[in-house]
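Peer 1: below is the sequence, then the predicted model.
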Amino acid sequence: RKSAPLPDDIRARKGATPLVSLTAYTTPMAELMDSHCDFVLVGDSVGMVLHGLPSTLGVTMEMMILHGKAVKRGLRQAMMVVDMPFGSYEESPEQAFRNAARLMSETEAGAVKLEGGVGMADTIAFLVARGIPVMAHIGLTPQSINTLGGYKVQGRGDAAAQLIADAEAVSEAGAFAVVLEKVPETLANEITAAVPIPTIGIGASAGCDGQILVVDDMLGLFTRFKPKFVKRYATLGQQAEAAVAAYADEVRRRAFPSAEHVFGDSAQEPKS
Ligand code: KIV
Ligand code: NA
């Protein structure tokens, strides 16, 4: 594939081979995942993962723009989706358009993502009608943590019907895909069968049309806590700490820098 897929290409992958996606917040991470992912999400998880915030509520438009620009520089093949941060879209469709347009124009994203189902359907339709592709996000929506009452599994028992209604509403409003976060496997499969747009699972089901994970979680770089749905494919945080410890030890023993890292005063030697 030469150029990034468009939201319509992502939508057309419904029922085909699974869509692959990860979050990214920086250029080098975007570069290394570019050829492996269909789309890369600049998630508002950046606030917790890279800025040490206790939740995603403190994430700002400025943070999303800064990280969105950085990620965009690292992508050639994957589509970029940028999260709309808490407070930037809930007030009205007009407010959502103003901020979504800013995210799209300043970061050159291919689409935005926002949290919410039935209650956000009008806003999604408003954005799509004005040229802004929208990925929806239902189930556990971390920006609503204070009304959801914790990071609990969503859609169990009687709550299942509401979640199906949310998925149908965002699909009918024109979202090109929908993230399902932390919902029971059977419900995720049911929603996947019920809507004509791809479902992107995180803590959902292998039967979803695609999967996403927070890159720092799957690489073992973010270790403050580990949700059950995270699989660690590497333990880079441990490796990084071991490297820092080795450096500290060598500096204290004057073992670093050694001959190969220092410069002689002969003009014959390399200049850099
Ligand atoms: O912010 C984020 O990383 C997300 C994904 C977990 C879907 O919204
Ligand atoms: Na998010």
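Peer 2: Looks like it came in fine. Keep in mind that what you see is a predicted model, and the values were worked out from it rather than measured. Ligands and ions are numbered 1, 2, ... in the order given.
Peer 1: please count neighbours and contacts with C-alpha atoms only from this point.
Peer 2: OK.
Peer 1: what comes up buried for stretch 228-236?
Peer 2: Neighbour-count burial for stretch 228-236, counted by 16 or more other CA atoms under 10 Å, picks out 230, 235-236.
Peer 1: and that stretch, how far out from the chain middle?
Peer 2: Chain-centre distance of stretch 228-236: 15 Å, with CA atoms, centre = their mean, to the nearest Å.
Peer 1: check stretch 86-99 too.
Peer 2: 20 Å.
Peer 1: convert the C-alpha atoms of it to PDB, please.
Peer 2: The C-alpha coordinates for stretch 86-99 follow below in PDB (Å, rounded to 0.1, in the frame of the first residue of the first chain):
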ATOM      1  CA  PHE A  86     -12.800  16.200  27.100                       C
ATOM      2  CA  GLY A  87     -14.800  19.500  26.900                       C
ATOM      3  CA  SER A  88     -14.000  20.200  23.300                       C
ATOM      4  CA  TYR A  89     -17.200  18.700  21.700                       C
ATOM      5  CA  GLU A  90     -20.000  18.000  24.200                       C
ATOM      6  CA  GLU A  91     -21.500  21.400  24.500                       C
ATOM      7  CA  SER A  92     -23.000  21.700  21.000                       C
ATOM      8  CA  PRO A  93     -22.500  20.400  17.400                       C
ATOM      9  CA  GLU A  94     -21.100  23.900  16.600                       C
ATOM     10  CA  GLN A  95     -18.500  23.700  19.300                       C
ATOM     11  CA  ALA A  96     -17.600  20.200  18.200                       C
ATOM     12  CA  PHE A  97     -17.200  21.400  14.600                       C
ATOM     13  CA  ARG A  98     -15.000  24.300  15.500                       C
ATOM     14  CA  ASN A  99     -12.600  22.100  17.500                       C
END
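Peer 1: quick check: mean pLDDT of that stretch?
Peer 2: If you average the pLDDT over stretch 86-99, you get 98.
Peer 1: same question for stretch 217-233.
Peer 2: Here the average pLDDT along stretch 217-233 is 95.
Peer 1: quick one: that stretch near ligand 1?
Peer 2: No - using CA under 6 Å from any ligand atom, we find that stretch 217-233 stays clear of ligand 1, coming within 9.8 Å at best.
Peer 1: dump the C-alpha coordinates for that stretch into PDB.
Peer 2: Extracted as PDB, the C-alpha positions of stretch 217-233 are listed here (Å, rounded to 0.1, in the frame of the first residue of the first chain):
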ATOM      1  CA  ASP A 217       0.600  -0.700  27.400                       C
ATOM      2  CA  MET A 218       1.500  -3.400  24.900                       C
ATOM      3  CA  LEU A 219       5.200  -2.500  24.900                       C
ATOM      4  CA  GLY A 220       5.300  -2.600  28.700                       C
ATOM      5  CA  LEU A 221       6.300   1.000  28.900                       C
ATOM      6  CA  PHE A 222       3.300   2.100  31.000                       C
ATOM      7  CA  THR A 223       3.300   0.000  34.100                       C
ATOM      8  CA  ARG A 224       1.400   2.100  36.700                       C
ATOM      9  CA  PHE A 225      -1.500  -0.400  36.200                       C
ATOM     10  CA  LYS A 226      -2.400  -3.100  33.600                       C
ATOM     11  CA  PRO A 227      -6.100  -3.600  32.600                       C
ATOM     12  CA  LYS A 228      -7.000  -7.200  32.000                       C
ATOM     13  CA  PHE A 229      -7.500  -6.500  28.300                       C
ATOM     14  CA  VAL A 230      -3.900  -5.500  27.800                       C
ATOM     15  CA  LYS A 231      -1.400  -8.000  26.500                       C
ATOM     16  CA  ARG A 232       2.200  -7.100  27.000                       C
ATOM     17  CA  TYR A 233       4.100  -8.000  23.800                       C
END
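Peer 1: about what we covered before: and which of the buried residues of stretch 228-236 is nearest to ligand 1?
Peer 2: Sorting the buried residues of stretch 228-236 by how near they are to ligand 1, with CA to the nearest ligand atom, puts V230 at the top with 10.3 Å.
Peer 1: so where does the closest one fall, helix or strand?
Peer 2: Using DSSP states H and E, V230 sits in no helix or strand.
Peer 1: how about it, what does it touch?
Peer 2: 203, 213, 217-218 (CA atoms under 8 Å, 6 or more residues apart in numbering).
Peer 1: kindly report the same for M104.
Peer 2: M104 touches 110-112, 132, counting by CA under 8 Å, 6+ apart.
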